[in-house]
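Trainee: Would you be able to build a 3D model of this:
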Amino acid sequence: MVERIWEAMQTFISEWGRHIAEALRVEFVDGFGLQEAQSYWCTLNFNRSGENRMKSVKNIQKITKAMKMVAASKLRSIQVLFSVAVENACSELGARMSAMDSSSRNAGQMPDRHTLTYNRTRQASITMELIEIISGALALTG
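Mentor: From the prediction side, this is the model:
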């Protein structure tokens with residue numbers, strides 16, 4: 001299995017904090033020594049031929065340290081990616097919640113606006129009828 005060695009990682013997080021705008025946060029995460037640990041590990045693996053095998057047994061502590069560095073770096077990269085995914089999901093849910101709150105508020109105000117429009121239209125038609133009645137009465141008397 002071929003593993004890729006990364007020196008650094010850059011994450012882009014959609015950060016939701018205000019109702020008006022979302023901010024894009026960029027984080028830079030270094031490799032935590034993964035490059036050095038991988039190169040040391042490869043050197044130890046290539047030197048394990050015949051007589052060098054005994055020498056590499058003496059280096060068991062260095063091998064263990066390199067393995068721990070690789071494992072810690074992989075764990076850190078997984079943790080960073082997971083936290084980015086969680087933060088983006090929370091940001092999206094926050095934005096959706098804000099949008100639903102605004103639409104609920106607008107839907108609550110809609111009957112009031114329609115009632116006001118209906119009442120104005122009704123009042124205008126009543127006024128028009130009164131003007132016609134008064135104009136007709138004045139025409140008969142006049």
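Trainee: what's the average pLDDT for the helix ranked longest in the chain?
Mentor: Determined from DSSP state H, the single longest helix within the chain is helix 60-141. Helix 60-141 carries an average pLDDT of 86.
Trainee: And that helix, what does it pack against?
Mentor: strand 8-16, strand 22-30, helix 34-46 (3 or more C-beta pairs under 8 Å, 6 or more residues apart in numbering; DSSP states H and E). Every C-beta, even on glycine, is put in place using the N, C-alpha and C of the backbone.
Trainee: Mind doing that once more with 6 Å?
Mentor: strand 8-16, helix 34-46 (3 or more C-beta pairs under 6 Å, 6 or more residues apart in numbering; DSSP states H and E).
Trainee: weakest of these by average pLDDT?
Mentor: helix 34-46 (a mean of 50).
Trainee: Can I get stretch 110-126 in PDB? Just the C-alpha atoms.
Mentor: Taking Å, rounded to 0.1, in the frame of the first residue of the first chain, the C-alpha atoms of stretch 110-126 are listed here in PDB:
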ATOM      1  CA  MET A 110     -48.600  37.700   5.900                       C
ATOM      2  CA  PRO A 111     -52.300  37.500   7.100                       C
ATOM      3  CA  ASP A 112     -51.900  41.000   8.700                       C
ATOM      4  CA  ARG A 113     -50.700  42.400   5.400                       C
ATOM      5  CA  HIS A 114     -53.500  40.700   3.400                       C
ATOM      6  CA  THR A 115     -56.100  41.900   5.900                       C
ATOM      7  CA  LEU A 116     -54.900  45.400   5.600                       C
ATOM      8  CA  THR A 117     -55.000  45.200   1.800                       C
ATOM      9  CA  TYR A 118     -58.400  43.700   1.900                       C
ATOM     10  CA  ASN A 119     -59.700  46.400   4.200                       C
ATOM     11  CA  ARG A 120     -58.200  49.200   2.000                       C
ATOM     12  CA  THR A 121     -59.800  47.700  -1.100                       C
ATOM     13  CA  ARG A 122     -63.200  47.300   0.600                       C
ATOM     14  CA  GLN A 123     -63.000  50.900   1.900                       C
ATOM     15  CA  ALA A 124     -62.200  52.200  -1.600                       C
ATOM     16  CA  SER A 125     -65.200  50.400  -3.100                       C
ATOM     17  CA  ILE A 126     -67.500  51.700  -0.400                       C
END
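Trainee: Kind regards, and thank you for your time.
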